[in-house]
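Asks: Could you work out the structure for the sequence below:
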Amino acid sequence: MVFELNNIFKDYMQGKEPVPVLKDISLSVDDGEYVAIMGPSGSGKSTLMNIIGCLDKQTKGKFIFDGADIMKCSDRQLSDIRNMKIGFVFQNFNLLPRQSALENVELPLLYAGFSRRKRREMAKEALKRVGLEERMNFNPTQLSGGQKQRVAIARAIVNKPKLLLADEPTGALDTKSGDDVMELFEELNNDGVTIVMITHEPEIAEHAKRVMYIRDGMLHSGAFNSRIKKEENEE
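Replies: Numbers count the residues shown, from 1 in each chain. Sure thing, here's the model as predicted:
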């Protein structure tokens, strides 16, 4: 198992009053799964992503990631988990504009302490895996949106993480580039990469093998999503 969320609650303080954002969420993801978490703005999906990505901690409940109880981890341990065990793919790529594609992909390896030679070797391999070996010396300003996202995906998988966590990965792309990225995700998953993808687009979520739906801070199965669609169509 990659991670398990048990009865997770997350509150934010508004003045002296707690505002509930996540309400009693439980979810487990096994090795090799491809899960989409779908929901509209304000549903709590970004907060849930931050917790799964060890960028934030829950108010209550238990979160186990690769055997570690996250609430008991030190800041250093959390940093190591984020760098070595989770690959992040963001909507807006988050690439360094003055660094080449190769240098961008090398960054997690630099933080992890790999030698320069090993960093270069692993980064080239990752770029080849996403079909960008001929663009490795290009800066992000010389790449299309789809190519930038492929660089970001190469950076996310270069450490061979336990989990690829994607937040609206096609949000800044045109339809063709978005389809290409989804095809790449399917190839990676077929090769054994575990993926959790956050999205508000049904056609993107359909690429996953399991779809969950978050609404008003509560997580439901894909069957709930189908019922919501039916109710909306009847109105």
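Asks: from here on, contacts and neighbour counts on C-alpha atoms
Replies: Will do.
Asks: Pull the residues that contact the helix or strand that residue 127 is a member of.
Replies: Assigned by DSSP states H and E, residue 127 belongs to helix 116-129. Helix 116-129 is contacted by residues 102, 105-106, 109-110, 133, 136, 150-151, 154-155, 157-158 when judged by CA atoms under 8 Å, 6 or more residues apart in numbering.
Asks: Show me which of these are buried.
Replies: The neighbour count (16 or more other CA atoms under 10 Å) marks 102, 105, 106, 109, 133, 136, 150, 151, 154, 155, 157, 158 as buried among those.
Asks: Could I get the full set of helices for this protein?
Replies: 45-52, 75-84, 101-112, 116-129, 145-157, 175-190, 202-205, 222-234 (DSSP state H).
Asks: Spatially central residue in this structure, please.
Replies: Against the mean C-alpha coordinate of the chain, by CA atoms, centre = their mean, the closest residue is residue 165 at 1.6 Å.
Asks: Residue 205: what's it in contact with?
Replies: By CA under 8 Å, 6+ apart, the contact set of residue 205 is 36, 37, 38, 197, 199, 211.
Asks: May I see the residues you listed arranged in CSV, with distance to residue 176 as well?
Replies: What follows is the contacts of residue 205, written out as CSV (distance: CA to CA, whole Å):
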residue, distance to residue 176
36, 20
37, 22
38, 21
197, 19
199, 17
211, 23
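Asks: which of those residues has the most neighbours?
Replies: Highest neighbour count within the contacts of residue 205, by other CA atoms under 10 Å: residue 38, with 27 neighbours.
Asks: ok, now which ones touch the residue nearest to the centre of the chain?
Replies: Going by CA under 8 Å, 6+ apart, residue 165 touches 49, 53, 86, 87, 88, 89, 195, 196, 197, 198.
Asks: can you tell me which two in those residues are farthest apart?
Replies: Pairwise distances across those (CA to CA) peak at 14.6 Å, for the pair 86 and 198.
Asks: circling back: quick one: which of the contacts of helix 116-129 is nearest residue 14?
Replies: Set against residue 14, the nearest of the contacts of helix 116-129 by CA to CA is residue 155 (36.6 Å).
Asks: got TSV for the buried ones among the contacts of helix 116-129, with distance to residue 82 too?
Replies: Below are those laid out as TSV (distance: CA to CA, whole Å):
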residue	distance to residue 82
102	21
105	15
106	15
109	12
133	26
136	24
150	20
151	18
154	16
155	13
157	12
158	13
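Asks: export these to TSV and tack on pLDDT?
Replies: Listed next are the buried ones among the contacts of helix 116-129 as TSV, based on pLDDT from 0 to 100:
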residue	pLDDT
102	98
105	98
106	97
109	95
133	94
136	96
150	97
151	98
154	98
155	98
157	97
158	97
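Asks: now, among these, which is nearest to residue 32?
Replies: residue 157 (13.9 Å).
Asks: returning to what we had before: out of the buried ones among the contacts of helix 116-129, who's nearest residue 62?
Replies: Nearest to residue 62 among these, with distances taken as CA to CA, is residue 157, at 26.6 Å.
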